[in-house]
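In: got a sequence here, can you model it:
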Amino acid sequence: MKSKLTWILLPLFMVLGLTISHAQEKSVTGTIVDQDNVPLPGASVVVVGTSRGTQTDFDGNYSILVNVGEVLRFSYIGQMTTERTVGSEAVINVQLMQEAQELQEVVLQGYRTATRAKSSVASQTLTDETIKNRPNANVLQTLSGQVAGLEVNTVSGQPGAAPSVRIRGINSINGNTAPLFIIDGTPVDEDNFRSINPQEIASVDVLKDAAATAVYGNRGANGVVVIKTKQGSYNTPLQINYTGILSFSSLQDNDYNLMNSQEQLTLENQRGRGLGAGLSPDEIAAVPTYNWDEYFFRTGLTQSHNLSFQGGGEHFSQYTSLGFFDQEGILKGSDLKRFNIRNNVKGKSENGRFTYGTNISINYSESNEPDGVGEEGINSNFVIGAYNSVPYVTPDEYTNGADLLDPLLFYNTPLFLVDKLKTFTRKIEEVKVIGSFNASYKITPQLTAAIIMGGDYQSEFLTVARAPESFNALLFGGAENPTSGFQEQASTRQFSYNQVTSLSYANTWGKHSVDIGLYTEYFKAHFRQFGYLANGLNPATFYPGDGSGLIPVQIDPNTGGLLFVDTANAEILDAGLFSYFGQADYDYDRRYGFTGTIRRDASYRFAGSNKWATFWSVAGRWNIHSEAFMEDSAFDQLKLRASYGTSGNQRISGNSYFSSPDLTQSFFASGSGYGNQTAISLAQIGNSTLEWETVAQFDVGVDFEVFDRRLRGSVDYYDKKTTDLFQRSPVSAINSVTFLDANVGDLTNRGMDLALRWDVLRSSEADGFNLTLSGVVNYNETHVNNIPTGTGESLDDNGLTGRRNGGIFNEYYLLQYAGVNPSSGNLLFRTAEGELTENPDADTDRVWLDKNLIPDWQGSFGFEMNYKGFFLSTQFNFVTGVDRFDFDLEAFQSPDVIGQFRSSRDLLDAWTPDNPRADLPSYDAFNRTSFTSDRYLRDADYVRLRFAQIGYDFPARFLDKTGFSRLRVFGNAENLFTWSSWRGFDPEAQANTVVGAPLYPTPRIMSIGVELGF
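Out: Presented below is the predicted three-dimensional model:
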């Protein structure tokens, strides 16, 4: 342990070992300020090649003894390092620019970088300024609305829940649609970011077009998101920073207009159903109203603490951070607690030819996640308890689970769920370690060899337990059984390793430059899982996760059968990929350039000649602003770029490294045959011709900066086509199999991206007024072709959506609702020919609606403002073109649940002979539940104030003699306001469930925080 501690503290000791020495030749003084002319206290001033150095005071002033001809290096955390050669002057003042500006000038192009002038790719970079200090447990949620073409859709408010992420639409029907995520050179599991600390992130690059993604070959089909974590800087004294954030989460509003107790009981009395059927008006008037949302939901408290140490010497730097995050979900029984430690080290040799770096992150989290949310179980979904529960039942009526069995009444649903909240456990404990090592060596000034090795390890331990005396245990195990219940535990370990080895050549002569790279990539992943399900628990000794309450198998005295039979499970899965590829870039005079990529990939999923596939891209650029005819124009930059290429998707089924590993093989299974004799039957017909899905993408874009860079942005048009889609293809039923998984059909995505920033006001004063407007927009349309059926149409199992040749992806295929028949109170529908009818044919009258869950337009707009240390920023997200079923509204408007669940006041305006123009049908309409139609298909477009921040940066003069080099206070708001016709909690959740199965709403979050620098 002592040895480990020494290695952990070594980088810190090395930074503390930086000494300050003095020369005798002459004294140089000066002031260091930032890009806004604000003095920088604690900035580093070092004589290059020596250990002599000093720091600026609280007013940014410094003084140092140097020799004429020596070089001074000026650096400060978050700023670009600058060097000045000492001459005869006695005063050297320096202005340091933000590293964010440097990042904007350097563009990531796959496994290499290029200056913006020499880049041909469509990408967008986010710095930590738009990521840090947000209270979201999952950093992917923070990316929402910040990148044109990046769609982040949050379905659940569970702390740390993984949102769905897509870049420029959907590229597969049954395969993986998420982009490849890389952290410090290591590909990571895209479905698990709950253990990652957002405060450690320095930048996020989103790569979108073929020029940027083809180099990733087998995993670049859906785009790539490259995340870099924070690093220390060379020749920088120790910097200590602390950030603390306190947040309060609350439930967003809904517009379902639910009844109080008097209204509910009166309606029940009129219908002769439920508790209200036997009450008099006076008894109804005396019943209190209890809102169950106040019981199952809460104001969730979140605290986040992060402490970082960074600095470096001449040849070594380090960044170390410690993080703690504790978030209560707004739904009781849900929370996330996380601990993080990171250490990033980089170094270089004396001559600079050898460089190396290590990045390691160790994360531990505990998450309580209620199950059954989003399902229709009235004894399992807490959200049903919160909103569908009748208001005249109160928590005081709960005693224990056994008392709820007799009588078993549906209007006691909230009490069923109170019991579950007290007696059910679902907890996930996770250890996640992400580490990487990189090294490079300049064999010659032009030739460099490099290696990047990375691993992603995650170990999850799941505990699920139903207490033996709970309502559900007694209900399913028998009320007379005192040892019901179950405990399930599962241990899952997943490890992936990735290695990229490269040899690159870069050279410049005259107006020409070339950059050539040759690479190999090796990827291997392993999955191990084992667990058990123990039925029957002893209430005297049971404790969730402990084995003392487990009981042995018993014989049923009545039937002689076995009771409490335990089961065990285990699984071993492996996956692997291998690739070799090359990339070359040529530039002439920083005006014209071309980039080419070719990559050869092998996947373990496919057989024979299909195991290998080739992907490629070509790209070109023209820096128009460098032409002579643009010399006096308003453009500071005007670049035209275009690319075309292919990428592959070998995860053709599901979203896991390990899904469907053996579809190319045939399998047989044992079972009962003729005369109940043991027999062997065909279980799977292998398809040895399966191959990669291939995405070919064309992109043309323009990057521009005008009016002294006040207005800057980019616009792109893209056209993507996925071929060899993995789908069910009909085959002869001679082997009792009616379909076979095959590569058939194609899918297209076309659209445009737009990103703009406009400095409306830009002050030259250090504390002047600055105002910047910004926005990103994406338009996308997705169409499917060559459906592998005789009709050219295919319907999904949900009975709501499907696909047709030339139609949009997952298009609704439904009967059309036409309102209420004023003469009868029954529902009216339209036939396929448009005629009105109360009795449509569900087979022949359904039509394609040209609607789906996928947005047509999405993006954001907002502003950033600062003045005299005060700052204010906003981000408004918007989505249009989403149509979604409001099945929660259907449940609240259903007359069939009167007496069991809560109703909407909408029902008070149902059809009667005296109210023939009502929007809702008669309570007794014969066809009210006969047909599935678009009656509850609703527009889910919205505009949302996704994020707002206000705060104050204390000037350096206020911090003199306080011991702080920086003090910043701020307040944040997430999901503050939403404008939408959607009546439910959250229009953002692009998901359809079933009637009476509400989802976990995403919360509104208010937070306050402080940043301290030492």
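In: show me where the stretch 251-400 of the chain has its strands.
Out: 300-312, 316-328, 335-348, 354-368 (DSSP state E, counting those that start in this stretch).
In: just put those in CSV and tack on mean neighbour count.
Out: Every C-beta, even on glycine, is put in place using the N, C-alpha and C of the backbone. Converted to CSV, the strands of the stretch 251-400 of the chain look like this (neighbours: other CB atoms under 10 Å):
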stretch, mean neighbour count
strand 300-312, 21
strand 316-328, 21
strand 335-348, 20
strand 354-368, 19
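In: got those as a markdown table, with distance to Met865 and mean pLDDT columns?
Out: Formatted as a markdown table, the strands of the stretch 251-400 of the chain follow (distance: least, CB to CB, whole Å; pLDDT from 0 to 100):
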| stretch | distance to Met865 | mean pLDDT |
| --- | --- | --- |
| strand 300-312 | 25 | 95 |
| strand 316-328 | 29 | 96 |
| strand 335-348 | 32 | 96 |
| strand 354-368 | 35 | 96 |
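In: can you list those in JSON lines and add distance to Thr154?
Out: Output for the strands of the stretch 251-400 of the chain, formatted as JSON lines (distance: least, CB to CB, whole Å):
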{"stretch": "strand 300-312", "distance to Thr154": "16"}
{"stretch": "strand 316-328", "distance to Thr154": "15"}
{"stretch": "strand 335-348", "distance to Thr154": "15"}
{"stretch": "strand 354-368", "distance to Thr154": "16"}
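In: tell me which of the ones you listed sits nearest to Ile182.
Out: Proximity of the strands of the stretch 251-400 of the chain to Ile182 was assessed by CB to CB; the nearest stretch is strand 354-368, lying at 11.7 Å.
In: the closest one - contacts with which helices or strands?
Out: Counting by 3 or more CB pairs under 8 Å, 6 or more residues apart in numbering; DSSP states H and E, the packing neighbours recorded for strand 354-368 are strand 335-348, strand 424-442.
In: these: which one's closest to Tyr532?
Out: Where those are weighed against each other on CB to CB, the nearest is strand 424-442, at 15.6 Å.
In: just the CA coordinates for that closest one, please, in CSV.
Out: Output of strand 424-442 as CSV, limited to C-alpha atoms (Å, rounded to 0.1, in the frame of the first residue of the first chain):
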residue,chain,number,x,y,z
PHE,A,424,-38.4,-3.8,-2.5
THR,A,425,-34.7,-3.3,-3.3
ARG,A,426,-33.0,-2.8,-6.7
LYS,A,427,-29.4,-1.6,-6.4
ILE,A,428,-26.5,-1.5,-8.8
GLU,A,429,-22.9,-1.2,-7.6
GLU,A,430,-20.4,-0.5,-10.3
VAL,A,431,-16.6,-0.1,-10.6
LYS,A,432,-15.5,1.5,-13.9
VAL,A,433,-11.9,2.0,-14.8
ILE,A,434,-10.8,3.7,-18.0
GLY,A,435,-7.1,3.9,-18.7
SER,A,436,-4.8,4.6,-21.6
PHE,A,437,-1.1,5.0,-22.4
ASN,A,438,0.3,6.8,-25.4
ALA,A,439,3.8,7.3,-26.6
SER,A,440,5.5,8.7,-29.7
TYR,A,441,9.0,9.0,-30.9
LYS,A,442,10.3,11.2,-33.7
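In: packing partners of the helix or strand just after that strand?
Out: Following the chain from strand 424-442 toward its C-terminal end, the next helix or strand by DSSP states H and E is strand 447-466. Under the contact criterion of 3+ CB pairs under 8 Å, 6+ apart, the helices and strands touching strand 447-466 comprise strand 186-188, strand 424-442, strand 486-509.
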